[in-house]
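J.: Let's see this in three dimensions:
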Amino acid sequence: MNEVIGLFPIPVMRAPAVLEPTLVAGLREFLVSRCTTANNSSDQLSHTALLEPSDNSLLVTAAMRLTPVIEEFGALLFGERMPWALKEMWGNVLETGGRQAMHNHANSFISGVVYLTRPHLDSRTVFMKSPSGTEYSFKNDHVGVATGPYNSERWVSMAPEPGDLILFPSYLMHAVPPNPGERRVSMAFNAIPSRLNSWGYAVSFNG
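T.: Just a heads-up that it's a prediction; the model follows:
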């Protein structure tokens, strides 16, 4: 029997209900009141300044809930369970009609999004192949093509509930399509490990 082997898969982890409803409500209120920085690609999208867990007790509690899941995901990426630190956190408010352009996150290894409202199905986070990825220059792309994991250019994340977490490697391109629904509130973050060791060449990071 023929066998298809998926080489070098990119992991994306969904962790449901990482934050309890009372913490979700508190974070939503705290972050919405501080989302005053306009996005440069959408007038209906705003952000908070970059925050650290120590900036607020709610963020401290959220970091305590998130860190064990980040450590579990880090073990998938690097083959070893080690301490991780949330480098920065920020809130996002996406109003009706707003969108988030395709981007990735620099200077980190794991990035994540915690959903603080239930987003419209059309404004779920979408992950894309890198525009500079290694692929054929000429594609087979027409109405009769059956799309699968080996020829698709994007993947739409599962429908999240408030308190759900999604983790992904920071280099992975992602975006949010135009939001046809009500206000969408989320908290994003970047995380770094305590150190990386490559056969004696060790690098330590400060969270």
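J.: going forward, measure contacts between C-alpha atoms and count neighbours the same way
T.: Fine.
J.: For stretch 181-193, which outside residues touch it?
T.: Residues outside stretch 181-193 that contact it (CA atoms under 8 Å, 6 or more residues apart in numbering): 28, 32, 70, 74, 82-97, 105, 108-120, 170, 205, 207.
J.: Apply 7 Å and report the result again.
T.: 28, 82-96, 108-117, 119-120, 205, 207 (CA atoms under 7 Å, 6 or more residues apart in numbering).
J.: now the helices for this protein?
T.: Using DSSP state H, the helices of the chain run over 21-32, 57-78.
J.: what's the average pLDDT for the last one?
T.: Think helix 57-78. Regarding helix 57-78, the rounded mean pLDDT is 97.
J.: Distance from the chain centre to that helix, please.
T.: Mean C-alpha position of helix 57-78 versus that of the full chain (CA atoms, centre = their mean, to the nearest Å) differs by 13 Å.
J.: same check, this time on the first one
T.: Distance of helix 21-32 from the chain centroid (CA atoms, centre = their mean) equals 18 Å.
J.: which parts of it are buried?
T.: 23-24, 27-28, 31-32 (16 or more other CA atoms under 10 Å).
J.: Just the CA trace of that helix, in CSV.
T.: What follows is helix 21-32, C-alpha atoms only, in CSV (Å, rounded to 0.1, in the frame of the first residue of the first chain):
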residue,chain,number,x,y,z
PRO,A,21,-14.5,33.4,32.6
THR,A,22,-13.9,35.9,35.4
LEU,A,23,-10.3,36.4,34.3
VAL,A,24,-11.4,36.7,30.7
ALA,A,25,-13.9,39.4,31.6
GLY,A,26,-11.3,41.3,33.7
LEU,A,27,-8.7,41.2,31.0
ARG,A,28,-11.2,42.3,28.4
GLU,A,29,-12.2,45.3,30.4
PHE,A,30,-8.6,46.2,31.2
LEU,A,31,-7.3,45.9,27.7
VAL,A,32,-10.2,47.5,25.9
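J.: Could you turn the buried ones of the contacts of stretch 181-193 into a ChimeraX selection?
T.: In ChimeraX, this line selects whichever of those come out buried by 16+ other CA under 10 Å:
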select :28,84,85,86,87,88,89,90,91,92,93,94,95,96,108,109,110,111,112,113,114,115,116,117,119,120
